[in-house]
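A.B. asks: predicted model and sequence follow; I will ask about them next.
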Amino acid sequence: MEVHYRIRKPIALEVRFRIQGFTVLLGESGVGKTTLLKALAGLVPAEGRPYGGLPPERRPVGYLPQDLALFPHMTAWENVAFPLRGGNRKERALALLNRVGLLEHAHKRPNQLSGGQKQRVALARALARNPEILLLDEPTSALDPLTKDQVLGELVELIRREGIPTLAVSHDPILARMADWLVVMGSGTILQEGPPEEVYSAPSQLLVARLLGYENLFPACIEPGGVEVNRVHLRLSLPPWAQPGDTAWVGIRAEEVIVVRQDRPPPLENILEGVLVSLHPEGLAYRGVFQGSIRLQILLPRHVQARLNLHPGQRLQVVLKPHYLHLMPGQMD
Amino acid sequence: MDPSFWIALRLSLEVALLASFLLLLVGVPLAWLLAFRRFPGKSILEAIFLLPLVLPPTVLGFYVLLFLGPEGPWVRITGLSWAFRFEGLVFASVLFSLPFALTAYREAFLALDRNLLDVARTLGSPWWKVWSKVVFPLVWPGLLSGTLLAFAHTLGEFGVVLMVGGSIPGKTQMVSIYIYDLVQALRFEEAARASLVLLGLSLALLVLVRLLEAKGRAWKSTTA
């Protein structure tokens, strides 16, 4: 589904993008994600396709706001039955709750349900309208941080099974990794869209790279066969737009900076020598800072740290493989 | 108990009941407007509605008397003479208790999570269904507690009803004025008994108001 919307108030924005399967629209707070979602639901005045000009009650969308807005005075099944008309409302509502795996909680009030359960009741209520698309506002925000990944995974699985195109807006990169289609939004406009692996591996500009968690980003000068960063030549294959003499940005993810093993033959290129300034455990990995002619954030999987047994203050070599170095157009900021 | 006490109490209850009903009718739409709509002159309008809260009741009563009196605009426009009558008492009571009712109603509406209304609309509900199934079930404790507060307030008013109604026994002598007249006549024992009845009644009403407010809060805490 193609979306083309223009909004004037409360934020001016014009966007054009696709919704395809479970689509995640990623953007920082304040760029107008929620406003766009509300506009699609008909709750904010806007022009555009689809559904332009229809009042909210006539749009075939299932809208789940950030706080889910379950009716507090109704039980789970009464919430789900709210949009239903005609006979057997209770049976149909119970069948919907069964579809989201919550039949046993049908008679509970929203305040007796967990964040994930509320989310599924809200989903069942939205499904009761037979929507053409689902609109999810920050679906990770209502969830307990400890179980977030699992609950979210189940929700996305459920939505995929229902086969309804979905637009989820979020600033959480975790959600972006589960997407079938990823759209990155900047202030009032779309910066990039595509399959998530493509967007993740090849952000089109600095802003997108920052949003997607590229921690090592450097202004670079393009040279034949590579770039120069802080007077170090890094070899990489240049895209067609890159002309020697131009300035650009080069980025590498912290987890893709590789520490050279002394017991192996050294790689041939893009080796940096320096000192490990710090190293801290981060979940099951280790996060460190490498200071050579370039300062780099590094993230080591625990099996690597188990083998190398690195400690702060130690001298080491890292390699920036050309394949993992990503070049983006742009002036220095 | 003196039969004229019961007559005065009955009159007070009738005035308060009718005034509360009218307040509900006028105050609810007005409170919705003040809670959710923006329009020029809103602050001035709000100040005017709150005026009876700070104005001496005799001043308010004096203006109402001028408005309803034989030479006043009300008689000229409608031909109805409401001064020193039951209707005048109700009219003055509505004005006098409006700030209490309005403030309570507005609080009830402001406590409502607007997302609930938005979502109800995206679920295909016309406005009347949003009102009957979502708004009303969530705000009725607030509306009722505001109305009870206005009722209790009207029951105890003195200055305004004295100005507008005079103190005609059996016609416009409300129970608060009746007690005052007893004290003036040094009939302290009867005044004490009548006061006790009013005290009990007011206390019971306020307990009810508190219970309803707690119920309203219970809804509010579950929306989050």
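C.D. replies: Done, it's in.

A.B. asks: so where's the stretch 151-300 of chain A shaky on pLDDT?
C.D. replies: Counting by pLDDT under 70, the stretch 151-300 of chain A contains no low-confidence segment.

A.B. asks: kindly report the same for chain B.
C.D. replies: B:217-224.

A.B. asks: check which helix or strand covers the spatially most central residue of chain B.
C.D. replies: Taking C-alpha atoms, centre = their mean as the criterion, residue B:150 is the residue nearest the geometric centre of chain B, at 3.2 Å. In this assignment (DSSP states H and E), residue B:150 forms part of helix B:136-155.

A.B. asks: return the residues of chain A in contact with chain B.
C.D. replies: A:38, A:41-43, A:55-59, A:61-63, A:65, A:67, A:69, A:71-73, A:82-83, A:109-111, A:125-126, A:128-129 (C-beta under 8 Å from any C-beta of the partner chain). (Each C-beta comes from the backbone N, C-alpha and C, glycine too.)

A.B. asks: please repeat the previous calculation with a cut-off of 7 Å.
C.D. replies: A:41, A:43, A:56-57, A:59, A:61, A:63, A:65, A:67, A:69, A:71-73, A:82-83, A:109-111, A:125, A:129 (C-beta under 7 Å from any C-beta of the partner chain).

A.B. asks: which of the residues you listed are buried?
C.D. replies: A:41, A:43, A:56-57, A:59, A:61, A:63, A:65, A:67, A:69, A:71-73, A:82-83, A:109-110, A:125, A:129 (16 or more other C-beta atoms under 10 Å in any protein chain shown).

A.B. asks: who's in contact with the residue of the stretch 201-333 of chain A found nearest chain B?
C.D. replies: In the stretch 201-333 of chain A, the residue found nearest to chain B is residue A:211; the distance is 26.6 Å by C-beta to the nearest C-beta. The contact partners of residue A:211, by C-beta atoms under 7 Å, 6 or more residues apart in numbering or on different chains, come to A:26, A:28, A:184.

A.B. asks: how does it look with 10 Å?
C.D. replies: A:26-28, A:31, A:171, A:173, A:176, A:184-186, A:191-192, A:199, A:203 (C-beta atoms under 10 Å, 6 or more residues apart in numbering or on different chains).

A.B. asks: which ones among the residues of chain A next to chain B lie within strands?
C.D. replies: A:61, A:63 (DSSP state E).

A.B. asks: taking the residues of chain A next to chain B one by one, which sit in helices?
C.D. replies: A:41, A:125 (DSSP state H).

A.B. asks: and the pLDDT for the closest residue to chain B within the stretch 101-250 of chain A?
C.D. replies: The minimum distance from the stretch 101-250 of chain A to chain B, using C-beta to the nearest C-beta, falls at residue A:111 (4.0 Å). Looking at residue A:111, its pLDDT is 90.

A.B. asks: against residue A:286, how distant is residue A:86?
C.D. replies: As for residue A:86, its distance to residue A:286 is 60 Å (criterion: C-beta to C-beta, to the nearest Å).

A.B. asks: the residue of chain A most remote from its centre and chain B, how far apart?
C.D. replies: Relative to the centre of chain A, the most outlying C-alpha is that of residue A:87, 41.3 Å out, by C-alpha atoms, centre = their mean. Residue A:87 sits 17 Å away from chain B, taking C-beta to the nearest C-beta, to the nearest Å as the criterion.

A.B. asks: distance between the ends of stretch A:278-298?
C.D. replies: 10 Å (C-alpha to C-alpha, to the nearest Å).

A.B. asks: cool, and stretch B:65-79?
C.D. replies: 15 Å.

A.B. asks: can you tell me what sits against that stretch?
C.D. replies: B:58, B:63-64, B:80-85, B:87-88, B:91-92, B:95, B:160, B:163-166.

A.B. asks: let me see the backbone angles for residue 18.
C.D. replies: The chain I'm using is chain A. phi -110, psi 150 (degrees, to the nearest 10).

A.B. asks: not quite, I wanted chain B
C.D. replies: Torsion angles, degrees, to the nearest 10, at residue B:18: phi -70, psi -40.

A.B. asks: so it sits right up against residue B:87, yeah?
C.D. replies: Yes: with contact defined as C-beta atoms under 10 Å, residue B:18 reaches residue B:87; the gap is 9.3 Å.

A.B. asks: quick one on the thing from earlier: which of residue A:86 and residue A:286 has more neighbours?
C.D. replies: residue A:286 (19 against 6; other C-beta atoms under 10 Å in any protein chain shown).

A.B. asks: tell me the secondary structure for the more buried one?
C.D. replies: Three-state call for residue A:286 (DSSP: H, G, I helix; E, B strand; the rest coil): strand.

A.B. asks: how far away is it from residue A:309?
C.D. replies: 11 Å.

A.B. asks: repeat for residue A:113
C.D. replies: Taking C-beta to C-beta, one finds residue A:113 at 47 Å from residue A:309.

A.B. asks: of the two, which one has the most company?
C.D. replies: residue A:113 (18 against 7).

A.B. asks: which residues does the more buried one contact?
C.D. replies: Contacts of residue A:113 by C-beta under 10 Å, 6+ apart are A:68, A:70, A:76, A:102, A:105, A:119-121.

A.B. asks: among these, who's most crowded?
C.D. replies: Top of these by neighbour count (other C-beta under 10 Å): residue A:76, with 30 neighbours.

A.B. asks: if I pick it, what's in contact with it?
C.D. replies: Here residue A:76 is in contact with A:70, A:93-94, A:97, A:100, A:102-110, A:112-113, A:117-118, A:120-122, A:124-125 (criterion: C-beta under 10 Å, 6+ apart).

A.B. asks: surely residue A:202 and residue A:323 touch.
C.D. replies: No: at 11.8 Å, residue A:202 and residue A:323 do not qualify as touching, with contact defined as C-beta under 10 Å.
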